[in-house]
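Visitor: Dropping the sequence and predicted coords here.
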Amino acid sequence: MLPAVIALIAVGSLCADGDYAKIGTPAVVFATAIKGFFVNLGFGPAAADATFTVISLAISAFALTSLDTATRLGRFMFQELFAGKPGEKQTSLQSLCSNMYFATGITVALGAVLCLSGYQNIWPLFGACNQLVAVPAFLGVAVWLGKKGKNNKMFYFPMVFMLLACMSSLVLSFKGNLEKFANGTAKMITEGLQCVVIVPIFVLALILVIEGGKVLLQTDKENKAKASR
């Protein structure tokens, strides 16, 4: 959350000086804003330029590590889909799809297809999915605390808030794509592919929340039953 707050402050500071979009890419905009902070703090031009370079490098490193992590996780999930049950003999298709190199190639290829339309078109989906990870994290901690017999109510509000925010973002993206199809301005490689990705993400997130919610409610019932004895 802290990087998001810093990013909002950075963009807000540039908005006061003019149109920040003319500065360049989002990475350049952020680095320029942080450089401006150092200038206003009294640092010299050399320190400000060094700050710009370091921030640009940090953003590039973050992008590369995020890409690496996403590719690895995507490959793991793709392999697990075709791994089969433990002890069972794999079919030829399962053996091929669970192969590390084949699964990596498919994951990279699908990511490349999504990027053909430009990162700005898939960024809302990435943002929603990225923040949606907080929901099972809150849910898992809440269940763990419940199992320990400790208070877990402090996780309910942020969990529900993140769930509603992320799911509504996916719904709005899907609705916007459908409107483009209705207007005849949509493209299958962009809006069409996004819709194909949004639907399973939404359904899987809903299933996860329902199943996790059942466990959480069951845990709370057990704790109340123990307390009443």
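Guide: Good, I have the coordinates.
Visitor: for the chain, what spans make up the helices?
Guide: Per DSSP state H, the chain carries helices over the ranges 2-15, 26-40, 45-81, 92-97, 100-115, 119-132, 134-147, 156-183, 193-228.
Visitor: Would you mind listing the buried residues in the first one?
Guide: Judged by neighbour count (16 or more other CB atoms under 10 Å), helix 2-15 contains these buried residues: 10, 13-14. C-beta: built from backbone N, CA, C; applies to glycine.
Visitor: Dump these to TSV, plus distance to residue 182 and pLDDT.
Guide: Listed next are the buried residues of helix 2-15 as TSV, based on distance: CB to CB, whole Å; pLDDT from 0 to 100:
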residue	distance to residue 182	pLDDT
10	37	73
13	39	71
14	36	70
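Visitor: can you put those in JSON lines and add distance to residue 185?
Guide: What follows is the buried residues of helix 2-15, written out as JSON lines (distance: CB to CB, whole Å):
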{"residue": "10", "distance to residue 185": "33"}
{"residue": "13", "distance to residue 185": "35"}
{"residue": "14", "distance to residue 185": "31"}
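Visitor: Could you single out the nearest of these to residue 110?
Guide: Residue 110 lies nearest to residue 10 out of the buried residues of helix 2-15, by CB to CB, at 32.3 Å.
Visitor: so where's this structure shaky on pLDDT?
Guide: 1-4, 15-24, 117-120, 227-229 (pLDDT under 70).
Visitor: So the most centrally placed residue in it versus residue 122, what's the distance?
Guide: The centroid of the chain falls nearest to residue 130 when counting by CA atoms, centre = their mean (1.2 Å). Note on residue 130: its distance to residue 122, by CB to CB, to the nearest Å, is 12 Å.
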